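Trainee: what follows is a predicted protein model with its sequence.
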Amino acid sequence: MMLVKTVLVFGLTILTVIFLTPLGFLSFIVSFVGLKKPMSWMIYKIAQGWGRCIIFATGCSMEVKGRENIPKSGGLCFVSNHVGYFDIVLLLAYAGRPFGFIAKKELLLLPFINMWISLLGGLFIDRKSPRKALSTINRGIKRIQNGESMLIFPEGTRSKDRGLLPFRSGAIKLATNSLSPIVPIAISGSYEVFEKNKLVNKADVRIVFFPPIITADMSVEDRKGKLTDHVHSIIGEELTRKILPAS
């Protein structure tokens, strides 16, 4: 039964991505004639609906808290732990506003996926080249300063249910250099959905959005020193809480 469900969910994912691709191409073209902002919002709403459809298909039991903490406008940096591949689907479904994210450059090789990452505001980073990586980070900072939001996973890799990993040095530079508010996010249970046994499972998934941390009011020393530890402790404490059982 789990194998059948896995085939159905992955089939649905692939078919919907392919079906929506012409709309993605249209959005890309229209954005060049001065309609980039409304088209970006439309693409996000499509992605949000797609994310919720995929979550429904998996049968996951969702608990989402703190969505009222997300500012509705202005530059913003989401900072989340990274449990598994399913995290992006979850945040597309529940973040409540468009966001871009830093993706490894290898994803450029994935047809359709690469286009949708770009349309959603994603940036591809070459970690092997410090110069190119810095250029990508600076583009993300500029987007936040222009009132957009970006998502970062400061652990630098998926934790695969090993608990919260240490944050990489300079991992929240998007927030500190743009002086944007930070909304910490704690995700639990997403590793159970697929990666645990490579089959789609019904899992108890919990997402918590915390009140924004206003970095512009901090001293330079606090932003460069204490802020990373503070965000890490907020997320880490939440991850120790028990996930509610499936209903």
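Mentor: Done, it's in. Residues are numbered from 1 along each chain as shown.
Trainee: where along this protein do the helices fall?
Mentor: Using DSSP state H, the helices of the chain run over 2-30, 36-58, 86-94, 113-119, 130-145, 173-178, 220-224, 226-239.
Trainee: now mean pLDDT, mean neighbour count and distance to Pro184 too, for those helices, in TSV please.
Mentor: C-beta: built from backbone N, CA, C; applies to glycine. Rendered in TSV, the data for the helices of the chain read as follows (pLDDT from 0 to 100; neighbours: other Cβ atoms under 10 Å; distance: least, Cβ to Cβ, whole Å):
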stretch	mean pLDDT	mean neighbour count	distance to Pro184
helix 2-30	84	13	28
helix 36-58	88	17	20
helix 86-94	95	22	13
helix 113-119	86	17	23
helix 130-145	92	16	16
helix 173-178	90	22	10
helix 220-224	83	12	15
helix 226-239	93	17	5
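Trainee: with adjacent residues omitted, what lies nearest to the residue nearest the centre of the chain?
Mentor: The chain has Ile88 as the residue nearest its centroid, 4.5 Å off, counting by Cα atoms, centre = their mean. Leaving aside its chain neighbours, Ile88 sits nearest to Phe101 (7.2 Å; criterion: Cβ to Cβ, 6 or more residues apart in numbering).
Trainee: which residues touch that neighbour?
Mentor: With contacts taken as Cβ atoms under 8 Å, 6 or more residues apart in numbering, Phe101 has the following neighbours: Ile88, Ile117, Leu120, Gly121, Gly122, Leu123, Met150, Leu151, Ile152, Phe153.
Trainee: with distance to Val30 as extra columns, can I get these in TSV?
Mentor: Formatted as TSV, these follow (distance: Cβ to Cβ, whole Å):
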residue	distance to Val30
Ile88	25
Ile117	19
Leu120	16
Gly121	16
Gly122	19
Leu123	21
Met150	23
Leu151	25
Ile152	29
Phe153	31
